[in-house]
Every structure is written in structure tokens, then in C-alpha cells.
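>>> here are the coordinates; sequence isn't available:
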């Protein structure tokens, strides 16, 4: 995948850098880990420090000092998570800031403008993400609203691209920014198909599948990905938003997905959960108090090459920030190295073998 | 200075790694910064994870995965800071753990045993550190008790060195561990001289000056260092405990000090205080919100080479852990690079010039 900040080899995993930083690791560590692209959250960056400030600094890449690719979400997902603090209107999503309670309206056009100012390499359209299970009626309403919003978002971006002066308050900081549409339709296959068709009719640079991995069983996710992804254009990357667990990577690549993002490796790291090829190791467990082994003896990450479970447990129990850093380095290495292995296996034609080997050892159940 | 874990070029600054980690940076970052030796706090490591656990892991170096030198304090300073939770007896210091309130007695012998188990390269004797200003009577009592404790500590270490089996519950994990005596005497020069004489009479591998930088004005510190350091053996390193501010480094090197430790660069970093050659920059200040400059445009550290004050302020305000990491990297670089410059200047015979240039720009007053 070509971006204004370099090629992203796919399938790829994007570490989540919510507020302009992937929590508890430096950009240097991310680069060493082989992160090709990170995700920034428009909701957070819009509220603090603000997209206009970032635009004045020359855009998000320059502001945060990250020279590789960045994808920004639309802000919608965070807003839908605000529960009582938000209201969905046809005009857009009205919400109160979690920081100061101030009232904001995020329209599809505003979501485009903000991301144009941030200057990410990939901007996502505002969509309506609903809780599952949903009734067909609720799913249809949200899907159709998402399509109308997609159309408004596309028109806005094309206007900014073609005649920047016609949108006077917006300073687009990345002329090569791509825009991805998002497929909705909850867990109802024919709504997913309709969403695909109508979103492709709007016409985007590429497409994402939204509204999955929001609590439904993995088999349901896989079936819907398997149903939806093949309907998306083959020449553009397909992005599954917000997945996944390590096994999701294999199962969804198998079904045609090229891009992933998930807070799981970074968030779980901060909670002392180390992800390995056999499952999750909870480092606070007393059984590790004197364990001289690294989290995963076969892992090549900085943490596993240098530190024991006993030391990592000590750091976690003692509340040292370094615990979060070392655990995050391990978990991100696991994800990024898994994606490297998947890319290589695809090239060599051995992906099915790699996938079945992975399932032979990996378990979602905690290791201990 | 030769240690079992490499040569330490002096004068040297030791970053403080309280619980077996220098807060918010990895060992790799410390190595890149050029840290030759770090300090571990016996009080903290004794309480958690415990010196016996660390001994079973092969000693502190192995437990924490740090291959360069380590100095451990005796635990005394932390105990004296516990205020109502401690009682000083001739036998030792009785205290309640800040973790669980449990009662402990740290004798001079116990402080030796614990550090022998930790296996640091340099162990400090238990001394009594009192608040200043102190009456001559109080200062004499503490100084004399420190000398008696020093004598007991020395006897204990020699016994462990000569016949380990005579101290059955102690597993010494570093056969080359050195032991430093500590000079006390508050701010009273003739008590300092007496402490020097009586501590040298006990006979240690090297000597430290304790009980300074505990609130007295810098001129008083400098006068006492200038009075005390020249009385210590020239062939052994002289360690000024707990100093200092950046100007302390120059003033105390000028008076004969070879080793420093201080929490200031790391603690201040976590509070958003960046130390530069012109003074302290408080990154949370609103004036930095759109400042594209690095903290110090002349600094060669990772943080200053890659990030603006605006971004660092954003990370701090947003509560990102990375703020602590990047600020710590900068502050430690400043300290360690200053020591490198001092060593070079001493070799070239230009130390006085470097010292006066430093004072021309540096101010203890906040920069803004």
C-alpha cells in the first residue's frame, strides 16, 4: 500500500497511538519493532491539542515527529462509546467532551476537515457504529445513515482536494491523503452486501469493515468478514477496524483482510497481560515470582532477550512504568512479527500451513 | 574506578534505579545515554521483592538484566525519611514498612548482609543521617553512632569475605563487592574532620560524604565538601551522596568529588521539568503550546533531536507515559553529557574554563 509516508507492506497491523503516541513506547522503539503505520484517534486529537494547532505545526506527522504512515479514524467510534454523553442526528453526532463537558457536533464534513488538518495518510469517514446484537431495523437505519454520511464526506474531501480555497477554515496538510469508506450492516449479511454496494457507489480510495469485533462471537465475525471482504475491490486494501485477537489476524487475512488495528496488545500490556504464541501470560501471577524464563523463550523481542518473568513481575507489582514499556514492546513485537511471518508465508505460498500451526498452539484461554 | 562490572570513568553521575529500574526508561535507553553505573535502593529491594529472592536469582545484576556497575545504598536514608515510622537505636534502625506496616530492624550487619545478597559492586554502610540545621550535640551523637556502625559493618563484610560459611543465611553474589564508609558530622567542620579520621581508621575501600544536600544552602554544602573531600584518600573515589543540582556537579568536582547520585533529573522529568544549560524549563507552561523548538536546541539527546516543546507539552498534559520517558531521556542525557564534558575538560586541563562558562548561562531559577 503506497502512502505519502512510505510503502506499507500488507497485511499489516497498526499499533494504536490514540493521542499522538503509542502508549508507553517511544517512536524509536516502534520503528525498531517494525511498525510501518500507526493509528491516531481523531476524537482525542480534535479535543486536545486540537486539529488547528496541529495544522499550524504542519500536520500530525510533523507535530508528533513520526515520519512513517498514519491512519486516523473519524472520531465516530469514541463518540458512540460515550453513551449518555452523545446524540446521533442526521446532521452528525452531537457529544460532550469527556475532558470538560463542552458540547460538540461532529458532522461527516467536520470529520473530513479535522482529518485534512491532521494530514494523516489515510482518513476514515464518519459512520454510525451500533451495538450488537441489533434488530434488522436498527441495523438498516444505521447502515443507511452511514451511506448518506459517506456520500457527504466524499463530496467534502473532493472539494478540499479540488479547490482548497472553497473551504477557507481548513488547512489540509497532506495533499496525498487517502479516504476510506466504511461498510456497516451489523451482523446481517444482506445489509452488509447492500452497504458494500452503496459505499462502492460513492467511491473511495479503499474500504474498511466497521462494526465488527464489538462483542459478537469470533465465528460470527469471521463469517461476516468472509461474506463481506470478497465483495470489496481487490486492488485496494481492505481494513478490518478494531480487530483483533491474535487468531483474528490469521482468520481474517485468510478471508481477505489487509489492515488491522487493535488496542489489545498495548492495553493488555499495561495490565500485565503478555501475549505469546500459546496464549496470554498474566505476569502478576505469584507463580512467576522466581521464574527465570523470559515471557516467551522463543521470542526475539528486546524484553524476551533480556528479562525474566520474575523481573517483569517485580516491575509490575512495584508499579514501575518500565513494566508497561517492556510488556508493550513484547506484545507489539508479537503482533508485528506475526504479520511479518504471515506476509512471508503468503509470498512463499505456505500461509495455510502457518495458520494451522498457529492454531495448534494458540489458545484464547489464559495460559495460567 | 574498577568494578566487577566494568570500569567507571570518573567523575561520574549515577542515575537512581530505586526498585531495580531507573523510572520510565529501559536499560537499553540507559546504555545509549552512556550510564556507566546505576544506584539501587536497598530499603526498597529488601522489602520487595526481597534480597533472598534476588540472591536466589543470582544477584541484582542478573535479576534486573543490567550488566554494568551497580551501587546500593544502605537503606538508612529511606528509613530516616520515614519520620514517625522509625526509631533509631544503638542496635540499628527500627522501622515500619511503607508497604504493609510490618516492623523491621535494620542493623549495620543486616545492611551488609542484604547488600551482599544483592551483589552490588559497591555497598554502602548504614549511617545515621540527621536533619540540618542540627545542634552540635545531636550531630556528634549521630556521627559517633555512624562510626560505631561503620566498624560493625566493616567487621561483618570482612567476615563474609573471609569465611562465607560463618554467615550461613547470607549468599554473597558478588565476590568483588567494594564497601564504602560514610562521613557524617552535619554542617560542623570539626565534626566532619573527626568523622573522616575515625572512618578512615575503620578502613574502607573508599569513602562517601553523607548528610549534605539535605536542605542547607548550596554555599554551605560546597564549603563542607571543600573542607571534607581533601581529607579523604586521594587514590580512592570520593562519593557525594544525594547531590545534586547541575551546578553542584561542577562545584563539587572542583572540590574533589568523583561520584554523584541524585533523583533530581529523573523525578523532575516526571513532573515535566526539563533541565537545560540555561535552567529548568517547565513543559506544562502554556507558552510552549505551539513552540516548535526542542527543549534545548543545542542538545544532542533523542528527545531534543526529534520532538518539539509543543509535542512534549501535549504528551504531558494528556497524561501520556511517554512524556515521562522523553523528559527522563533528556534530563539524564544532560547529566551524563555534562559529566562527559567535565571528564574531557579535566583531561585537557580546561575544567576551570568549562566551569566558568557553565555558570555564565546556568541559573537555578526557573527559565520561565
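Ah, there it is. Owing to the predicted nature of the structure, the values given are computational and were not obtained by experimental measurement.
>>> correct me, but residue A:41 touches residue A:71?
No - the pair residue A:41 and residue A:71 does not pass the contact test of C-beta atoms under 8 Å, sitting 10.4 Å apart. All C-beta atoms are positioned from the backbone trio N, CA, C, and that covers glycine.
>>> Enumerate the residues of the stretch 151-300 of chain A near chain B.
A:289, A:290, A:292 (C-beta under 8 Å from any C-beta of the partner chain).
>>> Where do the strands of the stretch 251-368 of chain A begin and end?
Assigned by DSSP state E, counting those that start in this stretch, the stretch 251-368 of chain A shows strands spanning A:259-261, A:273-276, A:279-282.
>>> what distance separates the last one from the middle of the whole chain?
The offset between the C-alpha centroid of strand A:279-282 and the centroid of the whole chain comes to 22 Å, using C-alpha atoms, centre = their mean, to the nearest Å.
>>> go on, the shortest one?
Per C-alpha atoms, centre = their mean, the displacement of strand A:259-261 from the mean C-alpha position of its chain is 5 Å.
>>> Do you have the helices of the stretch 51-200 of chain A handy? List them.
For the stretch 51-200 of chain A, helices defined by DSSP state H, counting those that start in this stretch occupy the ranges A:51-56, A:60-64, A:76-80, A:108-118, A:136-162, A:189-202.
>>> Any chance you could list what contacts the third one?
Counting by C-beta atoms under 8 Å, 6 or more residues apart in numbering or on different chains, the neighbours of helix A:76-80 from elsewhere in the structure are A:41, A:43-44, A:86, A:88, A:93, A:95, A:106, A:111, A:126-130, A:210, A:241-242.
>>> Strand partners (parallel or antiparallel) of the biggest strand by length in chain A?
If you go by DSSP state E, chain A has its longest strand at strand A:178-183. Strand pairing for strand A:178-183, determined by DSSP bridges: strand A:122-124 (parallel), strand A:206-209 (parallel).
>>> any residues touching the last one, and which ones?
Contacts of strand A:206-209 from elsewhere in the structure, counted by C-beta under 8 Å, 6+ apart, are A:122, A:124, A:178, A:180-183, A:196, A:199-200, A:224-225, A:228-229, A:232-233, A:236-241, A:257, A:259.
>>> Next one: the most centrally placed residue in chain A from residue A:234, what distance?
What sits nearest the mean C-alpha location of chain A, by C-alpha atoms, centre = their mean, is residue A:261, with 2.7 Å. Distance, residue A:261 to residue A:234, by C-beta to C-beta, to the nearest Å: 21 Å.
>>> Rebuild the strands of the stretch 251-368 of chain A as TSV, extending it with distance to residue A:333.
Below are those laid out as TSV (distance: least, C-beta to C-beta, whole Å):
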stretch	distance to residue A:333
strand A:259-261	15
strand A:273-276	10
strand A:279-282	14
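>>> Out of the ones you listed, the one nearest residue B:3 is which?
Nearest to residue B:3 among those is strand A:273-276 (33.1 Å), distances taken as C-beta to C-beta.
>>> Adjacent strands (with direction) for that closest one?
Applying DSSP bridges to the sheet, strand A:273-276 is found paired with strand A:279-282 (antiparallel).
>>> Name the residue most distant from the centre of chain A?
Max distance from the centre of chain A (C-alpha atoms, centre = their mean): residue A:290, 36.2 Å.
>>> Give me the pLDDT for it.
On pLDDT, residue A:290 comes in at 98.
>>> now it, nearest residue through space, not along the chain?
Sequence neighbours aside, residue A:310 is the residue nearest to residue A:290 in space, at 5.4 Å (criterion: C-beta to C-beta, 6 or more residues apart in numbering or on different chains).
>>> For the one you found, grab the count of nearby residues.
22 (other C-beta atoms under 10 Å in any protein chain shown).
>>> Pull up the gap between it and residue A:321, please.
For residue A:310, the distance to residue A:321 - C-beta to C-beta - is 19 Å.
>>> Could you do residue A:219 as well?
Using C-beta to C-beta, we find residue A:219 at a distance of 38 Å from residue A:321.
>>> The two: who's more crowded?
residue A:321 (20 against 9).
>>> Pull the contacting residues for the closest residue in space to that one that isn't next to it in sequence.
Sequence neighbours aside, residue B:24 is the residue nearest to residue A:321 in space, at 4.5 Å (criterion: C-beta to C-beta, 6+ apart). Residue B:24 is in contact with A:321, A:322, A:325, B:266, B:269, B:270, B:321, B:324, B:325, B:328, counting by C-beta under 8 Å, 6+ apart.
>>> how about a markdown table for these, with pLDDT added?
Converted to a markdown table, the contacts of residue B:24 look like this (pLDDT from 0 to 100):
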| residue | pLDDT |
| --- | --- |
| A:321 | 98 |
| A:322 | 98 |
| A:325 | 98 |
| B:266 | 98 |
| B:269 | 98 |
| B:270 | 98 |
| B:321 | 98 |
| B:324 | 98 |
| B:325 | 98 |
| B:328 | 98 |
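>>> now, which of those sits nearest residue A:170?
residue B:321 (32.4 Å).
>>> thought that closest one was touching residue A:23?
Yes - Residue B:321 is in contact with residue A:23 according to C-beta under 8 Å; the separation is 6.2 Å.
>>> can you list residues touching both of these two?
Joint contacts of residue B:321 and residue A:23 (C-beta under 8 Å, 6+ apart) are residue A:324.
>>> check contacts around the residue in the stretch 101-250 of chain A that chain B sits nearest to.
The stretch 101-250 of chain A approaches chain B most closely through residue A:118 (13.2 Å), counting by C-beta to the nearest C-beta. For residue A:118, the contact set (C-beta under 8 Å, 6+ apart) comprises A:40, A:42, A:45, A:51, A:54, A:55, A:59, A:60, A:70, A:72, A:173.
>>> coming back round to it: quick check on the contacts of strand A:206-209: which are buried?
A:122, A:124, A:178, A:180-183, A:196, A:199, A:224-225, A:228-229, A:232, A:237-241, A:257, A:259 (16 or more other C-beta atoms under 10 Å in any protein chain shown).
>>> sorry, back to before: name the residue in residue A:41 and residue A:71 with the higher neighbour count.
residue A:71 (25 against 20).
>>> Report pLDDT for that one.
98.
>>> how near is it to chain B?
Per C-beta to the nearest C-beta, to the nearest Å, residue A:71 is found 19 Å from chain B.
>>> Look up the closest residue to the residue of the stretch 101-250 of chain A closest to chain B, ignoring the ones flanking it.
Using C-beta to C-beta, 6+ apart, the closest residue to residue A:118 is residue A:60 (4.5 Å).
>>> and that neighbour, what pLDDT?
On the pLDDT scale, residue A:60 gets 98.
>>> quick one, what contacts it?
Taking C-beta under 8 Å, 6+ apart, we find residue A:60 in contact with A:20, A:40, A:45, A:54, A:66, A:70, A:72, A:118, A:119, A:120, A:173.
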